[in-house]
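Participant: Pasting a predicted model and its sequence here:
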Amino acid sequence: MTITTPTQAKILSIKNCRLILENKILDEATIVIEDGILTSISTNGAVPEGAIDAYGCFVMAGLVDSHSDGLEKEISPRPNVRFDTNYALSSYESRVRAAGITTIAHGVGYQDNPKMGRSVEGAKELRKVILSRASNPDSQVTHKVLHRIEARDEVGVEALIQDLNSEKHETNWMVSFEDHTPGQGQYRDRKQFEASVEKHELEPGMTVEEYVNKKITEAEATFSQLEATRKKLRPFVENEKIKLIAHDLENRDEVRNAILEGAKIAEFPVTIEAAQYAAENGLAVVMGAPNALRGSSHSGNVSAREVISLGLCTALASDYMPSSMLASAFLMAEMKICSLVEAINLITKGPASMIGLEKEGTLRIGCSEDLIIVQSKGRWPQVVKVLRSNEPSFRS
């Protein structure tokens, strides 16, 4: 509900809320937002007429997701099914908003891999669709692109370089340097890689073991491409055209090399050694929210809970499950792995700051911030309202 002042400012007030700030929780709080700007936070005094009653629900900043692969599945939920890209993005947008996510970075795989449904042309199209939606004032969330490259895939890397060179004025591209070769990184345990192979990836008559052997042989033949990719990316890192993300780091040597290449983020480190060394050397550390929620990695790697308990985690990302972000945060607090404020920072302030969104992720006076109202009556929290600073409910 809103009231209009003589100056025609749009005022939105919310009372009786448990307000989660970056360093504390305020009970029975009232907030006032004028034309999308948070102007007042109080726990006593008069409540503005017409204030929305939160009935004791939590009010917090909108969630920021630095890595989501869900759009890829929304486009192609089955091996032989593919939906229109614009439709899939609109559909997925509704899903992530319902999960409380108001800013999301969609993984776009620059890769030539037909069996995985990925192609350079598909990546380029998807990027354009996402950026077009991002510029649309009717968008229900803020969309960003996470450019994912398989470092040994020369075709995919060249396509990304071409796009980087063609977009002269666009900066701060998020680029994830990845190598999913069996026997290292996420799949350092060969058996985990074998378990991840789907039937449609196999050629007729081929066994899983034969498929993995073929992948390893192909990787060995393209080892030199790793250094070639690093060399191609260096100029873009040096002039801050891209924000380099190191993916699936396994040990100190890999972290050290990533730092030398200019990486600022260690995404999904697979061992506690890598996570700790990354954090000690100033890298932001991202773990998967599904990992934190389940208590273990689906690939048999380090538990996000352990990384969080040691204070090494900067952010939790949805990876493939949007609703896991809020659920994992509340579960971490329930299990006393960290406080609720610390857990919420992992899905708001942490990822926002990490990807360069300094004005998002926290509720503070003077900020223009998306916010969500969350009910937590049972074990699992539920988003009951999403309010975005650019929407009519906030602005005149």
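Facilitator: Received the coordinates, thanks. From a predicted model like this one, the values you see are computed outputs, not experimental measurements. Numbering: from 1, shown residues only.
Participant: Next, work out how far apart the spatially most central residue of the chain and A289 are.
Facilitator: In the chain, the residue lying closest to the centroid (CA atoms, centre = their mean) is S66, at 2.2 Å. Taking CB to CB, to the nearest Å as the measure, S66 falls 11 Å from A289. (Each C-beta comes from the backbone N, C-alpha and C, glycine too.)
Participant: hmm, back to that, three-state assignment of the residue nearest to the residue nearest to the centre of the chain when sequence neighbours are not counted?
Facilitator: Take S66 and drop its neighbours on the chain: the residue closest to it by CB to CB, 6 or more residues apart in numbering is P351, 4.5 Å away. Judged by DSSP: H, G, I helix; E, B strand; the rest coil, the three-state class of P351 is helix.
Participant: Can you verify my assumption that P351 contacts S318?
Facilitator: No. Under the criterion of CB atoms under 8 Å, P351 is not in contact with S318, lying 10.2 Å apart.
Participant: residues shared between the contacts of these two?
Facilitator: The contact sets of P351 and S318 overlap at D65 (CB atoms under 8 Å, 6 or more residues apart in numbering).
Participant: if we can go back for a sec, so the residue nearest to the centre of the chain sits in a strand?
Facilitator: Yes. Assignment of S66 by three-state DSSP places it within a strand.
Participant: just use 47 as the starting number from now, easier for me
Facilitator: Fine by me, first position is 47 from now on; the one you just mentioned is S112.
Participant: what's the pLDDT at it?
Facilitator: On the pLDDT scale, S112 is placed at 98.
Participant: separation between G82 and P397?
Facilitator: In terms of CB to CB, G82 sits 22 Å off from P397.
Participant: what about those two, which has more around it?
Facilitator: Shown here are G82 and P397; by other CB atoms under 10 Å, P397 has more neighbours (28 against 20).
Participant: ok, the residue nearest to R141 when sequence neighbours are not counted - how many residues close by?
Facilitator: Spatially, and ignoring its direct neighbours in sequence, R141 is nearest to P368 (5.9 Å; CB to CB, 6+ apart). If you count neighbours by other CB under 10 Å, P368 ends up with 22.
Participant: Tell me the secondary structure of P368, please.
Facilitator: Classified using three-state DSSP, P368 is coil.
Participant: mind checking how far it is from G396?
Facilitator: Applying CB to CB, the value for P368 to G396 is 17 Å.
Participant: same thing with T317?
Facilitator: Taking CB to CB, one finds T317 at 21 Å from G396.
Participant: Grab the nearest non-local neighbour of D199.
Facilitator: Ranked by CB to CB, 6+ apart and with sequence neighbours excluded, the top spatial neighbour of D199 is Q157, at 5.2 Å.
Participant: Give me the local confidence score for that neighbour.
Facilitator: Q157 is given a pLDDT of 90.
Participant: Now do the contacts for it.
Facilitator: R164, S165, V166, A169, R194, I195, E196, D199, G202.
Participant: Could you list which of these belong to strands?
Facilitator: With strands taken from DSSP state E, the overlap with those comprises R194, I195, E196.
Participant: Could you tell me how many residues sit around the residue lying closest to D416 once chain neighbours are set aside?
Facilitator: Spatial nearest neighbour of D416, excluding adjacent residues (CB to CB, 6+ apart): G108 at 3.4 Å. Using other CB under 10 Å, G108 has 26 other residues around it.
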